[in-house]
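K.L.:
I'll drop the sequence and a predicted model, then ask my questions.
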Amino acid sequence: MKGLEIARAYYEQYGEPMLRERFPGLMPFVAAGLAGSGSECWGFDDEISRDHDFEPGFSLFLPGEDVVDRRTAFELERAYAALPKEFMGLRRSLVAPVGGPRHGVLRTAEFMTDKVGKADGNLSLMEWLYMPEFSLAEAVNGEIFMDGYGEVTAIRERLRRRPEDVRLKKLAGQLLLMGQSGQYNYRRCLQHGETAAAQLAAVEFVKSTMAAVFLLNDVYQPYYKWCFRAMRALPKLALTAELLEYLLTTDNEPDTAEEKSRVMEGIAADVIGELREQGLTGAVGADLEKCAYTVNDRIGDAQIRNMHILAAV
């Protein structure tokens, strides 16, 4: 079973009965689920994932002290700690995982502040613009099993999609970097005999392309080690992941380099095709730099539109 399934089963077998029997008055104010850091919150966990920070457990999210006081929260923490230490062959750890607690009793405000800097998830345009994608992803991933108060669900819905002007600004910057690294600098580095620099250009092209593809899908890009896994499941341009893997894992000898250049141009054409499908560019040809500026021109907010095109990258 996947970690999310284990978490839900553990909650249903032990967590929910504990809440109903010992804290019936708290049920309208608590949310239960699993979200945040960890491969299990994405459904990406496997046997290798179980070598660290993997255990049966779930999170209980509480509103502020004006709704649930410290004493009640403390009693709930003790009740959670007393739940069975073993479940489905897994044992709960006595040591907190790297990055802080992922299970147990959490204040919703503290969890959201840690992820996005705001307890209620109300971000200004500039805060949206500079918020790391993986932080937003961790705020809305996983699953909420129960939300009596509705606070966690409301904040997650508020954060689930970024403002369109922010998406366009980020996309414009990534398109420009794609063009610079893949359509221009990769070949230039090879002409100078700098094969290592050429591979760095290929790496930059891959990173910018991945970011652009997630933006075109209007989905947050997760932490880098999960990018390929998540990209393969996207509804648009998912097959690009295999081509990007090819660019990263091959050499830059003359025959391979020529093929890599063709692959980059093919990816550029696919991305431009999607831009046109979404009505984001009217640029003619396959020049990503031109497309980048046409995307930037579609930004409605004048302040964001007039910022440097790479301001959000």
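P.N.:
That came through fine. None of these values were measured; they are calculated from a predicted model.
K.L.:
The closest residue in space to residue 209 that isn't next to it in sequence sits in which helix or strand?
P.N.:
Distances taken as CB to CB, 6 or more residues apart in numbering place residue 178 nearest to residue 209, at 5.6 Å, with adjacent residues excluded. Where C-beta positions appear, they are placed from N, C-alpha and C, glycine not excepted. Mapping residue 178 onto the secondary structure by DSSP states H and E places it in helix 164-178.
K.L.:
in the following helix or strand past that helix, what's buried?
P.N.:
Per DSSP H and E, helix 164-178 leads on to helix 186-191 as the next helix or strand towards the C-terminus. For helix 186-191, a neighbour-count test (16 or more other CB atoms under 10 Å) marks 186, 187, 189, 190 as buried.
K.L.:
Restrict helix 186-191 to CA atoms and write it as CSV.
P.N.:
Extracted in CSV, the C-alpha atoms of helix 186-191 (Å, rounded to 0.1, in the frame of the first residue of the first chain):
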residue,chain,number,x,y,z
TYR,A,186,24.0,24.9,-26.7
ARG,A,187,25.3,25.2,-30.3
ARG,A,188,27.6,28.2,-29.5
CYS,A,189,29.3,26.3,-26.7
LEU,A,190,29.9,23.3,-29.0
GLN,A,191,31.4,25.7,-31.7
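K.L.:
which residues touch it?
P.N.:
Where contact means CB atoms under 8 Å, 6 or more residues apart in numbering, the residues beyond helix 186-191 that reach it are 195, 197, 198, 200, 201, 202, 205, 252, 257, 260, 261, 264.
K.L.:
from the middle of its chain, how far away would whichever helix or strand comes after it be?
P.N.:
Downstream of helix 186-191, the first helix or strand assigned by DSSP H and E is helix 195-216. Offset of helix 195-216 from its chain centre (CA atoms, centre = their mean, to the nearest Å): 18 Å.
K.L.:
average pLDDT for helix 195-216?
P.N.:
Averaging pLDDT along helix 195-216 gives 98.
K.L.:
for stretch 148-155, same thing?
P.N.:
97.
K.L.:
Give me the buried positions along it.
P.N.:
Buried residues in stretch 148-155, counted by 16+ other CB under 10 Å: 149, 151, 152, 155.
K.L.:
again, but for stretch 285-295
P.N.:
Neighbour-count burial for stretch 285-295 [16+ other CB under 10 Å]: 286, 288, 289, 290, 291, 292, 295.
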